[in-house]
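[1] Have a look; sequence and predicted model below, questions after that.
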Amino acid sequence: YNPIRDGSGTVIGASQTCHDITARKQAELALKENNRLLGYQVQERTRELRAEAVLLQELHHRVKNNLNIISSLLNMQGRLVKNETAREALRESENRVLSMAMIHDLLHQSPGRTPVELIAFLRKLTDHLTASFGVAGIRQVVSGEGTAFLALEKAIPCGLLVNELVSNC
């Protein structure tokens, strides 16, 4: 309200200015409702992502255990076989399974779809393979300049290929 005064300054009335804020109030209410709905959706999606993470962890654990069981069975069978050719075939199969387990573990440790650091991966793989042969005097060297990365979808075939090459050497 604003006073209306006469020439001597006496208040003789008042004026009022009004603005219709209905649209603004409705927009504020709609915005609050949308924020509430978005908050609910974020909470729901967060719960879903946590559940997926638990499932992926469980899947990783089961795959890793199964690969280790297969490797152990191949190892046990290899100790029972008298034929050297058959024993060597079982050892190669065991190394393939262990290589897949190592690759799987490495991929599981990589956050998201992060590329694999190639030289470190190849060193770990060839160290494992060299140790698995149990023969003294085997020396392997993995070297490279700089840091090279390998996309995840190429890491498994690369690991299996290196496994075959090292095993055949």
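    Sure thing, it's come through. A quick note: this is a predicted structure, and the numbers were derived from the prediction, not measured.

[2] For D105, give me its contacts.
    K64 (Cβ atoms under 8 Å, 6 or more residues apart in numbering). Yep, even glycine has a C-beta here, placed from its N, CA and C like the rest.

[3] Shouldn't it be within a helix?
    Yes - counting by DSSP: H, G, I helix; E, B strand; the rest coil, D105 is located in a helix.

[4] From S99, how far off is it?
    11 Å (Cβ to Cβ, to the nearest Å).

[5] try C169
    15 Å.

[6] between those two, who's got more neighbours?
    A count of neighbours by other Cβ atoms under 10 Å puts S99 above the other of C169 and S99, at 25 against 10.

[7] which ones are touching the more buried one?
    Under the criterion of Cβ under 8 Å, 6+ apart, the neighbours of S99 are 125, 128-129, 159-160, 162-163.

[8] Go again with 7 Å.
    Taking Cβ atoms under 7 Å, 6 or more residues apart in numbering, we find S99 in contact with 125, 159-160, 163.

[9] same question, R87
    Here R87 is in contact with 78, 81 (Cβ under 7 Å, 6+ apart).

[10] For the one helix or strand it maps to, the averaged confidence score.
    Element membership of R87 [criterion: DSSP states H and E] is helix 84-109. For helix 84-109, mean pLDDT rounds to 82.

[11] What are the buried residues along that helix?
    90-104, 106-107 (16 or more other Cβ atoms under 10 Å).

[12] Mind listing residues that contact the helix or strand following that helix?
    As assigned by DSSP H and E, the chain's next helix or strand after helix 84-109 is strand 116-117. With contact meaning Cβ under 7 Å, 6+ apart, strand 116-117 is reached by 106, 110, 147, 149-150, 152, 155.

[13] Now tell me what touches the helix or strand just after strand 116-117 from outside.
    Following strand 116-117 in sequence order, the next helix or strand is helix 118-133 (DSSP H and E). For helix 118-133, contacts defined as Cβ under 7 Å, 6+ apart pick out 95, 98-99, 102, 106, 138, 140, 142, 144, 148-150, 155, 159, 162-163, 166-167.

[14] Now intersect those with the helices, please.
    Using DSSP state H, 95, 98-99, 102, 106, 155, 159, 162-163, 166-167 are the members of the contacts of helix 118-133 that sit in helices.

[15] of all the residues you listed, which comes closest to G39?
    Checking the ones in helices among the contacts of helix 118-133 against G39 by Cβ to Cβ gives L106 as the nearest, at 37.8 Å.

[16] Give me the angle between the longest helix along the chain and helix 118-133.
    If you go by DSSP H, the chain has its longest helix at helix 22-80. Using axes from the mean of the first three to the mean of the last three Cα atoms, to 10 degrees, the inter-axis angle of helix 22-80 relative to helix 118-133 is 30 degrees.
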